[in-house]
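> Fold the following and give me the result.
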Amino acid sequence: QRLLGPNGSTLKALELLTGCYILVQGNTVACMGPFQGLKQARKVIEECMKNIHPIYNIKTLMIRRELAKDQQLKHESWERFLPSFKKKNVKAKRPLGGTEEAKKKRKEYTPFPPPQQPSKIDQQLESGEYFLSDKDRKDNAAAKRFEDNKKTKEVRDKERAAVFVAPKEKKKRASEEAAAEGAAASIAAIKKSSAAAAASAANIRGAAATKKASATDFMMKAPKKQKA
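Predicted structure coming up:
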C-alpha cells in the first residue's frame, strides 16, 4: 500500500523515474525495464519492505535526474546536493527468551512441589491460642487492636505536631551582621539629627514669641500726644 501511494501516484512516479514497468500483486512486486532502472527500482522496493518510505528515494532520484543534465557536474561528486535523512532510533523488540538478567533470576526447575504452608489451626497450636476460650480470644484480639490503634495515633500526632514546629533559622554571616549594625547606626543618627532640628525650631519659635510680646508691651506703654 505504501509503494502504491494514493491513487497509485507513488508507483507512477517510480515508473517515470526508473523507466520500468512495475506491477504489484499482494506482497509480490514484478519489474520490467532497463538494467539501471531495475537496479534503482529494486533498491526502492527493498527499502520499502524494510519500513522506509519510498518518497525519500524518489526525491533522491529526482535530484540525480536533474544533476545528470548538467555537463559541468558530470565528473564531480553529487553528495552535497543529495538530501541526508536522519534515522530515528526505534526500540528493538525484546527476544522471546527474555534478557540475561531475567534468565538468571528464574528459579531452577525442580520436580518436587513446594513445602506446604501451615494452616490457621497449626499457627494457633504453636502460639497456644487454640486452647483458649472464646472470651479470652476476643480479649486478646481487642487488646491487640487497641495497641495498633495507639501506635497509629502516636504517629498521626507526631505528623500533626511537626507542622507547628518552627524551622531552624540560618546563621547570619559576618557581612550581613555588619550591614545590619550599620543600618541601625544610621537610623539612630537620623533620629538624633531630627530631634536636634526639632529642638532648634522650638527655640526659634520661642524667641520669635518673646520678641512679639515685648513689641506689644512697648506699644501699650507709649505716651499719647497732647492736643493743642
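> In the protein, where is pLDDT below threshold?
Residues of the chain meeting the criterion pLDDT under 70: 74-104, 170-177, 206-228.
> how about a cut-off of 80?
Applying pLDDT under 80 to the chain picks out residues 1-3, 5, 51, 55-56, 63-108, 166-228.
> ranges for the helices of it?
With helices called from DSSP state H, the chain shows them at 9-18, 35-49, 54-68, 100-105, 120-127, 134-162, 174-221.
> Centre of the chain to the third one, how far?
Centroid displacement of helix 54-68 relative to its chain, using Cα atoms, centre = their mean, to the nearest Å, is 42 Å.
> Pull out the buried residues from that helix.
Residues P54, N57, I58, T60, L61 are the ones in helix 54-68 that count as buried (16 or more other Cβ atoms under 10 Å). C-beta: built from backbone N, CA, C; applies to glycine.
> do you know how far the fourth one is from L16?
So that's T60. For T60, the distance to L16 equals 15 Å [Cβ to Cβ, to the nearest Å].
> So for L132, what's the nearest residue that isn't a sequence neighbour?
Leaving aside its chain neighbours, L132 sits nearest to N140 (7.4 Å; criterion: Cβ to Cβ, 6 or more residues apart in numbering).
> Quick check: that neighbour touching E129?
Yes: contact between N140 and E129 holds when scored by Cβ atoms under 8 Å: they sit 7.3 Å apart.
> Please identify which of the helices of the chain is closest to N27.
helix 35-49 (8.7 Å; Cβ to Cβ).
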